[in-house]
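[1] Provided below are the primary sequence and the corresponding predicted coordinates.
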Amino acid sequence: MVVQERLEITAPGRGTVEITDQVQRIVTSSGIKTGLCHVFIHHTSASLMLCENADPAVRHDLETYLSRLVPDGDPLFTHRQEGADDMAAHVRTVLTHSELNLPVTDGRCALGTWQGVYVWEHRFSGQRRRVTVTVYGEQA
Amino acid sequence: MVVQERLEITAPGRGTVEITDQVQRIVTSSGIKTGLCHVFIHHTSASLMLCENADPAVRHDLETYLSRLVPDGDPLFTHRQEGADDMAAHVRTVLTHSELNLPVTDGRCALGTWQGVYVWEHRFSGQRRRVTVTVYGEQA
Amino acid sequence: MVVQERLEITAPGRGTVEITDQVQRIVTSSGIKTGLCHVFIHHTSASLMLCENADPAVRHDLETYLSRLVPDGDPLFTHRQEGADDMAAHVRTVLTHSELNLPVTDGRCALGTWQGVYVWEHRFSGQRRRVTVTVYGEQA
């Protein structure tokens, strides 16, 4: 059995937006008890992240770390039509994840105690991002 | 329903080879309308990438960025039997992706407007690379 | 058809633990012949890796490379309650992989000749890590 739903996520600018609850709701309403839940983001300047969801300092530090690793406006970059964050956003996306597959157990995404699902916006400006969630498995 | 096919990709050397059309053809011929399409590369010196497919400068910049991040012949590396690109290729593979899962909607991989699927060869010399595509879901 | 099993992996400290055989045993006992095998780690300080499994120098070099890329105790990090490896472990996890999907062909994970599946512990101290393996596909 396969259930597929689309989410529209509003990201106010660079940073993370938690979508764990929205994903869990889709799993619950699918009625699937054992299987997998796949989350996919249809963009090349934003990614998905499984991350510690207790201390917000973890996401803050990931952001500053990634900004140092992939400098905005790096003179190396030739693709820079849309500004200093344009090519940096593509690199950040490739170094992180465009899709996540999560086990479904007893009708829920079986995340670890500290795992949350996040959209990670890499552009400076606010964006609307399209995410597709596909739940598949068995209802019994 | 599950359909599995094998692709043989010829990479002329370090760089990207687009395989979006080949993957879409397998999805179409599978007859699966809703589900997922999994792409897997059976190697540890080449990877897969979902990337902006409009401006080739994006892939050029990703290549120069990764070459700076993972220097060929880095004195840190002890595994160097096959040359300066040997260990660098393994690191590049681990920092990127060996497999991608793409949503199938209305009988097609539902990629974003700018998303293409690429094999990313990390060795300097030409290689034949094995890729397995598995499409699964429902025909209805 | 879906079969799901849980593994408990003991990691003696930072470094890799191969789990290829344990994953293959679950695939074999599932009876599934064609499909996929999904491996998921329920933690944010340890990850999964598909890696060259012939020369141990490859994993050694990956470890020293990642230690240089993500310095323990980096002054950038504000989240440091559990020591110098705390935030570094979260960054290392996000830059690598929390889950892997492997094609199942003829009743086995169709890994490349040199591909092994590893848990990559990023904390200094020994840990017990929870991994869920989900095999899905067709028995025929």
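    Looks like it arrived, so ask away. Numbers count the residues shown, from 1 in each chain, chains lettered A, B, ... in the order given.
[2] spatially central residue in chain A, please.
    Within chain A, the residue whose C-alpha comes closest to the C-alpha centroid is A:L48; the distance, by Cα atoms, centre = their mean, is 1.9 Å.
[3] which residues sit in contact with that one?
    A:L48 makes contacts with A:39-41, A:96-100, A:117-120, A:131, as judged by Cβ atoms under 8 Å, 6 or more residues apart in numbering or on different chains. For glycine as for every other residue, the C-beta is placed from the backbone atoms N, C-alpha and C.
[4] state the distance from whatever residue of chain A ends up closest to chain B to chain C.
    Closest contact between chain A and chain B, by Cβ to the nearest Cβ, is at A:H42 (3.3 Å). A:H42 sits 19 Å away from chain C, taking Cβ to the nearest Cβ, to the nearest Å as the criterion.
[5] now the residue nearest to that residue when sequence neighbours are not counted: how far from A:H43?
    If the residues on either side of it in the chain are set aside, A:H42 comes closest to B:G112, at 3.3 Å by Cβ to Cβ, 6 or more residues apart in numbering or on different chains. Distance from B:G112 to A:H43, counting by Cβ to Cβ, to the nearest Å: 5 Å.
[6] so these two - more neighbours on which side?
    Per other Cβ atoms under 10 Å in any protein chain shown, whichever of B:G112 and A:H43 has more neighbours is A:H43, with 24 against 20.
[7] re earlier: which residues do B:G112 and A:H43 both contact?
    Among the neighbours of B:G112, those also in contact with A:H43 (Cβ under 8 Å, 6+ apart) are A:R130.
[8] so what does the longest strand anywhere in chain A touch, helix or strand wise?
    For chain A, the strand reaching the highest residue count under DSSP state E is reported as strand A:127-138. In this structure, strand A:127-138 makes packing contacts with strand A:2-11, helix A:20-30, strand A:34-41, strand A:46-52, strand A:115-121, strand B:34-41, strand B:99-105, judged by 3 or more Cβ pairs under 8 Å, 6 or more residues apart in numbering or on different chains; DSSP states H and E.
[9] run the last query once more with 6 Å
    Packing partners of strand A:127-138 (3 or more Cβ pairs under 6 Å, 6 or more residues apart in numbering or on different chains; DSSP states H and E): strand A:2-11, helix A:20-30, strand A:34-41.
[10] quick one: mean pLDDT for it?
    In this model, strand A:127-138 has a mean pLDDT of 98.
[11] ok, now stretch A:102-114?
    Per-residue pLDDT values across stretch A:102-114 average out to 96.
[12] in that stretch, what counts as buried?
    A:102-105, A:107, A:109-112, A:114 (16 or more other Cβ atoms under 10 Å in any protein chain shown).
[13] ok, stretch A:58-76 next?
    Neighbour-count burial for stretch A:58-76, counted by 16+ other Cβ under 10 Å, picks out A:58-59, A:61-62, A:65-67, A:69-70, A:72, A:74.
[14] who touches the top helix by length along chain A?
    Longest helix of chain A, by residue count under DSSP state H: helix A:56-69. Residues outside helix A:56-69 that contact it (Cβ atoms under 6 Å, 6 or more residues apart in numbering or on different chains) are A:16, A:52, A:92, C:76-79, C:87, C:90-91.
[15] would you pull up the residue in chain A closest to chain C?
    Using Cβ to the nearest Cβ, the single residue of chain A nearest to chain C is A:G112, 3.3 Å away.
[16] quick check on that residue: phi, psi?
    Per-residue torsions, A:G112: phi -70, psi 160 (degrees, to the nearest 10).
[17] do A:H43 as well
    A:H43 adopts backbone torsions of phi -140, psi 160, taken as degrees, to the nearest 10.
[18] now the one 10 residues further on
    Here the main-chain torsion angles of A:N53 (degrees, to the nearest 10) amount to phi -110, psi 10.
[19] that one is in contact with A:V117, isn't it?
    No - here A:N53 does not reach A:V117: they are 8.7 Å apart, not a contact under Cβ atoms under 6 Å.
[20] what sits against A:H43?
    Taking Cβ under 6 Å, 6+ apart as the definition of contact, the neighbours of A:H43 are A:129, B:112.
[21] so how far is B:L95 from it?
    If you measure A:H43 against B:L95 using Cβ to Cβ, the figure is 20 Å.
[22] any residues of chain A in contact with chain B? List them.
    Applying the criterion Cβ under 6 Å from any Cβ of the partner chain, the portion of chain A that neighbours chain B consists of A:2, A:4, A:38, A:40, A:42-44, A:76-79, A:87, A:90-91, A:98-99, A:101, A:132, A:134.
[23] what subset of those residues is buried?
    Here, 16+ other Cβ under 10 Å leaves A:2, A:4, A:38, A:40, A:42-44, A:77, A:79, A:87, A:90-91, A:98-99, A:101, A:132, A:134 buried among the residues of chain A next to chain B.
[24] wait, doesn't A:E121 sit right on A:S45?
    No - the pair A:E121 and A:S45 does not pass the contact test of Cβ under 6 Å, sitting 8.0 Å apart.
[25] give me the more crowded residue out of these two.
    Counted by other Cβ under 10 Å, A:E121 and A:S45 do not tie: A:E121 has more neighbours, with 25 against 22.
[26] neighbours around A:Q139, how many?
    11.
[27] that one touches A:G31, doesn't it?
    Yes - counting by Cβ under 6 Å, A:Q139 does reach A:G31; the two are 5.1 Å apart.
[28] contact partners for A:R14?
    Counting by Cβ under 6 Å, 6+ apart, A:R14 has contacts A:121, A:124.
[29] look up phi and psi at it.
    Per-residue torsions, A:R14: phi -50, psi 130 (degrees, to the nearest 10).
[30] ok, it to B:L102 distance?
    A:R14 sits 26 Å away from B:L102, going by Cβ to Cβ.
[31] equivalent analysis for A:E52, please.
    Note on A:E52: its distance to B:L102, by Cβ to Cβ, is 27 Å.
[32] pLDDT wise, what is A:L48 at?
    The model reports A:L48 with a pLDDT of 98.
[33] ignore the last one, A:T20
    Looking at A:T20, its pLDDT is 98.
[34] I'd assumed A:V119 was in contact with it.
    No - using Cβ under 6 Å, A:T20 is not in contact with A:V119, being 10.8 Å away.
[35] looking at these two, which is more packed in?
    The neighbour comparison of A:T20 against A:V119 (other Cβ under 10 Å) goes to A:V119, with 23 against 16.
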